Structures are given as structure tokens and as C-alpha cells.
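**Q** Okay, sequence plus prediction incoming.
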Amino acid sequence: MKLHRIMALTMRHMYLFKRSVPRLMDIFFWPTISLLTWGFLTTYLEKVNLNTVNIASILLGAIIFWEFLQRFQNGVSITFLEEVWERNILNIFVTPITVGEFLSATTLLGIVRMVCVFAVMSSISLLLYHFSIFSVGMAFIPFMLILMLFGFSLGVFTMAVILRFGTQAQVLAFSIIFLFQPLSAVFYPVTALPHFLQFFAWLLPSTYVFEGMRGVLTNGSVDTALLIQGFIIASIYAALMVWFFYRMFAYVKRQGKLLKLE
Amino acid sequence: MRTYAIETKGLVKAFGDFIAVDGLDLNIEEGKITALLGPNGAGKTTTIQMILDLITPTSGEIKIFGLSMKHDREKILSQVNFSSPYVALPQSLTVMENLLTFARLYGVKDPGKQISELADFFEIRHLLTRMTSGLSTGQLTRVNLTKAFLNNPRLLLLDEATASLDPYIADKTRKVLKRVQKEKGVTILYTSHNMAEIEELCDDVIFINKGKIRDRGTPEELVAKFGHKDLNEVFLDIAKENEEDDK
């Protein structure tokens, strides 16, 4: 693994942000709009007083963590798609870069996006709604780690599918995350789901984060066992998706489809 | 034992029932410009893509400078580069950003200096701050060639390097390639459909057909062997032969 190659690819994508308004909007504008919409709703819910403890904090925390997950997955998948759209895959893979380095660069770009989204959303929520995302305490670190691993898994899965089926599958890069939103129990507890769906909900690492977050914000404590389970499941998915990507990469190389990817 | 720049043994690539490359035994000497020619579908592109590790061979072996692609991919590809007018650089970056990206990918020690030297060599200094999307075909080809020399490659694969260039720029490009090959001792594997260019540029010509070597020699040797007046007629002979076989 060579750092200079990972940085080369990361910098190549950072150049794009200098002169692309839609790319900057993706990081700064849309998360802000999402936070404003939901933030005002939570303010309203607080005012009508539903006798629910910390409703505003719970919803705001959910929105912010959800945006982290979504932007991270987007960052990973779209980095790959940009290379496909620019027909740059050949140029990249005739250099000594390895698949591992390529995946590392996409992950680094996912982290950059996530940090930017975090900076914007945490500042706005503090300024407008007096909610600090750090009110979840030290649990913030495992929450982020689990979401990053899960976002990475979904991003890599999307890349692998696009690699296999071409850009006809690119819609996944933007929509796959929403398949998991209802089951992740982002805005409601898992118990609100029908019983048979609860089993599937607990298969998603994101569920452990949102359940954990609600626990911290309502009781002030976090269930460590829950976080460990979430972390283990997220790690298994990440490892499986990396394996799956390598398999798909080898497949398209055998089929001679790497260069026909468009 | 002699080490070749490129050596393939029993190289086969099958896509289902179709055999694109059929037991190709290739050896390309270091420091020469070798042409890889053949009619459409002869297996040239597949062979080049296997040499670049973009396609996995069905069977056989590829060695570059005595190293196996299977085990020494990174070591090999750091000494190799590729250029084709059909493979665009990212359009949304400036020429300088593109060149910096590839210089970094190849681990060039002082990218700024290397780009500056090559920019003078290929006369693209005035293009460095321009967006790649705004370049003409000729300018793009020169930028592509600059990219191809960033890592001081020992082996360069050029696919129709002068296609879509006007005769003046094409001539200039050929002279540059000759000069670079002489000064730096680069091995060049060249594909083109312009036979006059091949005669002018190449030391060695390999004709492949149906994934196998059909003939090989210097341009003069092949012209004499086929009893024609130039390489273009030799090419036509081989292409016709291919067409008749298909019937």
C-alpha cells in the first residue's frame, strides 16, 4: 500500500471541488436544507409538547447521524462513478495503483465529505437549535466508526455492482441508502417496526447506532453490548464487501469489460 | 538467458467460444520501436490490454523485463506507460492538474520539474493552465504523450499515437518519438493503421492475425518477402487472407 498513490487519487478528486458548484452543494447545501427542514419540525414538536423527553435532540441527532452515513456512502460510490463518467478507469489502472489503494482513496474522500458535512451540520444545529451532537458523549466515536464501516460497505457494494453491470446500475449510488432507512429505525425505535421486520432491522449496523443514540439522549447511558454488536456486524459487512469488490474486479478483467465500463 | 522488454509464452485469451489471442509467443527487444499490426479483430488490442494487466489471460505467461505480471505487477507498471488518442484524460481538470495526478500516481520524485521539462519537450507549456476539455485533438495527443513520459518509462505502448493529427503535427510527433527513443532508449510497442508511418518509425514489424503471429521482420524484409512495393500492400494481402478464411 503506497500512500503517494492514495493521495494522488484523493487530490485528483479534491481538484474537482474547486470549480464545481453542484459538488460543493452536495456537501454544504443539501445537508443544511435537510437539517433546516427537520430542525424546524422538531422545534414545532417541542412547542406543542408531546410529553416526550428530548424529542428535538433525538430527531436532530438522528438527522445528523443519518446525513453522515448517507454522505459517506455517496463519497465512496461517487468517487468511482466520476472515474467511469470521465472514462478514466483505464488511465488509472495502467498505473501501478492497486485495488486496495483505489478503495483506500475512495474511503479517504468519503471521510473528507463526512468531516465537511459534520462541520456544517453540527455548527448549524448548535446555532439554530442549541443542540450539540457531542451531547452523546464518548459514544460519538463508536457511533461514527460503525456508520463509516456501514457507509463504506454500501459504497463498495455499489461500486462492485456498477463494475459488473455498468452505469445502468449507477442509480444505486444515490438511492441504495434509502432502502435501509426504514429498517435502520432512524426516527423511531426498532420496537415501532412490525415484529418480523425487527429481525432484519437488527442485521443493519445503523440500527445499533440510532438505538444507542436514543438511549444516550433519553437515559444518559449507552448499552456497550449493543455498540459492540453493531461494530462486529459492520466489520463483517465491510470485509464481505471488499471481498465482493475484488471478485467483481477480477471478473470484469477476465471478461475484458473493465474498459467498456460506461 | 536473454531478457526481452516483452515476452509472452503461449498467451491465450478466449471470450466464450471466440479466441481473441491464440497461443501468442511474442518477444520484443529492448530499445527498439516495434509495430504490432493486423486487421481489425486480429487480437492487437486484447494483447496490449493483457500486457497492461487490464485483461486477465485465459492461459499463458507474460513477462515484462523478465518480471512476471502475475507476481510483480506494481514493479512492472511503474516502468511502463500507455498513450492512445482514444483514451481521454479527465476533462474536468486542467492539464497541469491531470499531469500532477499521474505524476503522483507513478511516484515521480519532483513532479513539477518533470512536468516542466516535458512541457517544453512536447511544446505544451502554454496549455498547462487550460482546461483539458478545451483542447484540440492535436493538443490532447501531445498532452497524452506528455503523460506517457512522466515516469520515464522503459516500455511505452502507443496505440495510434498520431491518429487524428494533421500531417504537420503527426510528422512532428513521429520525430519526437524517434528522438525520445534514441535519447532515452525507451522500448516502444506501436500500433497504427498508417503503414507509411510504420515504415518510417519502426525497427521491427509483427503482423498478427486471428490471435497468432502471421509474419515478422523489418519493414523492408516484409515488403521484399511479400513482393510488394510497400507495407500498405502487405497489410492488404494479410487482411484479404483473413477475409477469405472467414468465408
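**A** Cool, the structure landed.

**Q** Contacts only, for whichever residue of chain B sits closest to chain A.
**A** With Cβ to the nearest Cβ, the shortest gap between chain B and chain A falls at residue B:104, namely 3.3 Å. Backbone N, C-alpha and C define where each C-beta goes, glycine included. The contact partners of residue B:104, taken as Cβ atoms under 8 Å, 6 or more residues apart in numbering or on different chains, are A:4, A:5, A:7, A:8, A:11, B:111.

**Q** secondary structure element for the fourth one?
**A** Going back to what we said before, that points to residue A:8. Residue A:8 is part of helix A:3-18, with elements assigned from DSSP states H and E.

**Q** Now the element after that helix, going C-ward?
**A** Following helix A:3-18 toward the C-terminus (DSSP H and E): helix A:21-24.

**Q** got the phi/psi numbers for residue B:157?
**A** phi -110, psi 120 (degrees, to the nearest 10).

**Q** Run a quick neighbour tally on it.
**A** 24 (other Cβ atoms under 10 Å in any protein chain shown).

**Q** so how far is the lowest-mean-pLDDT helix or strand in chain A off the chain centroid?
**A** Every helix and strand of chain A was ranked by mean pLDDT, DSSP states H and E. The lowest is helix A:30-48, at a mean of 79. Per Cα atoms, centre = their mean, to the nearest Å, the displacement of helix A:30-48 from the mean C-alpha position of its chain is 21 Å.

**Q** What's the mean pLDDT across the helix or strand just after that helix?
**A** Downstream of helix A:30-48, the next assigned helix or strand under DSSP H and E is helix A:55-85. Taken as a whole, helix A:55-85 carries a mean pLDDT of 91.

**Q** go on, stretch B:3-10?
**A** Mean predicted confidence for stretch B:3-10 is 92.

**Q** OK, contacts around residue 217?
**A** Since you didn't name a chain, this refers to chain A. A:54, A:57, A:58, A:61, A:135, A:136.

**Q** not quite, I wanted chain B
**A** With Cβ under 8 Å, 6+ apart, residue B:217 has these contacts: B:204, B:205, B:225.

**Q** any idea how far it lies from residue B:179?
**A** 25 Å (Cβ to Cβ, to the nearest Å).

**Q** swap in residue B:230?
**A** 25 Å.

**Q** between the two, which one's more packed in?
**A** residue B:230 (15 against 11).

**Q** which phi and psi does that one have?
**A** Dihedral angles (degrees, to the nearest 10) for residue B:230: phi -150, psi 170.

**Q** Which pLDDT value belongs to it?
**A** Value listed for residue B:230 in the pLDDT field: 90.

**Q** ok, now which ones touch it?
**A** Contacts of residue B:230 (Cβ under 8 Å, 6+ apart): B:195, B:196, B:199, B:223.

**Q** Could you tell me how many residues sit around the first one?
**A** Residue B:195 sits with 20 neighbouring residues when counted by other Cβ under 10 Å.

**Q** residues touching it, list them.
**A** Residue B:195 touches B:230, B:231, B:232, B:234, B:235, counting by Cβ under 8 Å, 6+ apart.

**Q** what's the answer for the last one, then?
**A** Applying Cβ under 8 Å, 6+ apart, one finds that residue B:223 lies in contact with B:229, B:230, B:231, B:233, B:234.

**Q** try it again with 10 Å
**A** The contact partners of residue B:223, by Cβ atoms under 10 Å, 6 or more residues apart in numbering or on different chains, come to B:195, B:199, B:205, B:217, B:229, B:230, B:231, B:232, B:233, B:234.

**Q** Generate a PyMOL selection restricted to the buried subset of those residues.
**A** Selecting only the buried entries of the contacts of residue B:223 in PyMOL, with 16 or more other Cβ atoms under 10 Å in any protein chain shown as the criterion:
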select buried, chain B and resi 195+199+205+217+231+232+234
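
**Q** Give the buried residues for the helix or strand encompassing residue B:221.
**A** For residue B:221, the host element (DSSP H and E) is helix B:219-226. Buried residues in helix B:219-226, counted by 16+ other Cβ under 10 Å: B:219, B:222, B:223, B:226.

**Q** CSV for those residues, including pLDDT?
**A** Conversion of these to CSV gives the following (pLDDT from 0 to 100):
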residue, pLDDT
B:219, 93
B:222, 93
B:223, 93
B:226, 90
